[in-house]
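fold the following and give me the result.
(one chain, ligands or ions: 1)
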Amino acid sequence: MNSKADNVVIIGGGPAGSALGCYLSKAGIKNTIYEAANHPRPHVGESMVMSSVAVFDEIGFLPILEREGFVKKYGASWHPPVAKGEAAISFDEFPSPHVKQDYTYHVDRQKFDLLMLKHAESMGTKVYQGVSASKVHFDENNYASGVRLNFADQEIDVPARMVVDATGRHTLLGKQLKIKKNDPIFDQFAVHAWYENVDKSQTDSSEYIHIYFLPVERGWG
Ligand SMILES: Cc1cc2nc3c(=O)[nH]c(=O)nc-3n(C[C@H](O)[C@H](O)[C@H](O)COP(=O)(O)OP(=O)(O)OC[C@H]3O[C@@H](n4cnc5c(N)ncnc54)[C@H](O)[C@@H]3O)c2cc1C
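Model (predicted):
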């Protein structure tokens, strides 16, 4: 921790960075997000789990999700690749004391991430988009003390009381410290697409997210 600075620097304005910004602002702690992209930017990862609802509630984001009319997701169902049938769960079968509703959301991440970033800003987070961090600085005691930012062909060093790497799969710190390891089991790839006019008449769980296991080893879609 750099006690000369009073600001937490969050690198990355995805859902993790934005949620953290909200929590810090709620606690009265100054914080700034530096986001490399300019939102809205495309992203995969649309189908929210129920536990995320507890976070949305705590940071006051639920009314925005409701206002924007995101698809409500009441459960999940799995379909085997060859045999017929469906194994389904409904979230109301697993009530949590921290979640007051029986559904979560399926979101367009471009829109969702932008809304979350704006929400963090409205709660007090300073947000800079189009600014990427290239390095985290460490002091003589090995505490993170600031970041190097790249903006409009310039490099700027900004001090920070604390630095949070919220760069997602970009893993800025993991790469810088050379501690990133590939997981041999999750050595996978994904193809990502959206479909329109899907016929859901053959199922009685039209508000579920459907997961199909593809007829390949460890594959699903
Ligand atoms: C194929 C696939 C399917 C998935 N499906 C789901 C799903 O159905 N449901 C689900 O909940 N999750 C899903 N996920 C996971 C989900 O995408 C992530 O958990 C989620 O996006 C993580 O959010 P984050 O804020 O940590 O990172 P991100 O959303 O990736 O945000 C990181 C941000 O940091 C910014 N950034 C990166 N580097 C820098 C830098 N150097 N300086 C400044 N900014 C930087 C990026 O521009 C980005 O905006 C899926 C992931 C994959 C790969």
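
now do the contacts for the nearest residue to Glu35 once chain neighbours are set aside.
Sequence neighbours aside, Gly13 is the residue nearest to Glu35 in space, at 3.3 Å (criterion: CB to CB, 6 or more residues apart in numbering). Heads up, the C-betas are built off the backbone N, CA and C, glycines and all. The contact partners of Gly13, by CB atoms under 8 Å, 6 or more residues apart in numbering, come to 33-35, 37, 39, 113, 117, 120, 127, 129, 166.

just want the most central residue of the chain.
Pro15 (3.3 Å; CA atoms, centre = their mean).

so that one is in contact with Met116, correct?
Yes: checked against CB atoms under 8 Å, the pair Pro15 and Met116 is within contact range at 5.6 Å.

quick revisit: among the contacts of Gly13, which ones are buried?
When the contacts of Gly13 are checked for burial by 16 or more other CB atoms under 10 Å, the buried set is 33-35, 37, 39, 113, 117, 120, 127, 166.

dump these into CSV; add distance to Asp187 and pLDDT as well.
Output for these, formatted as CSV (distance: CB to CB, whole Å; pLDDT from 0 to 100):
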residue, distance to Asp187, pLDDT
Ile33, 31, 98
Tyr34, 30, 98
Glu35, 28, 98
Ala37, 26, 97
His39, 30, 97
Asp113, 27, 98
Leu117, 31, 98
Ala120, 34, 98
Val127, 35, 98
Ala166, 24, 98
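
mind listing which of those are in helices?
113, 117, 120 (DSSP state H).

ok, the residues you listed vs the ligand, which is closest?
Nearest to the ligand among these is Asp113, at 6.5 Å by CB to the nearest ligand atom.

so that closest one touches Gly45, yeah?
No: in this structure, Asp113 is not within contact of Gly45 by CB under 8 Å, at 9.4 Å.

joint contacts of these two?
Counting by CB under 8 Å, 6+ apart, nothing touches both Asp113 and Gly45.

His192 and Val44, how far apart?
Per CB to CB, to the nearest Å, His192 is found 5 Å from Val44.

same question but for Ala27, I mixed them up
Ala27 is 31 Å from Val44, by CB to CB.

could you find the closest non-adjacent residue to Ile211?
Per CB to CB, 6+ apart, closest to Ile211 is Trp78, 5.1 Å.

just the element for that neighbour, please.
strand 75-79 (DSSP states H and E).

mind listing what's buried along stretch 113-133?
113-117, 119-121, 123, 125-127, 131-133.

that one and the ligand, are they touching?
Yes: contact of stretch 113-133 with the ligand (CB under 6 Å from any ligand atom) involves 132-133.

just for the chain, where's the confidence low?
For the chain, the stretches with pLDDT under 70 are 1-2, 202-206.

show me which residues of it are close to the ligand?
Counting by CB under 6 Å from any ligand atom, the chain sits next to the ligand at 11-17, 34-37, 43-49, 132-133, 166-170, 172, 190.
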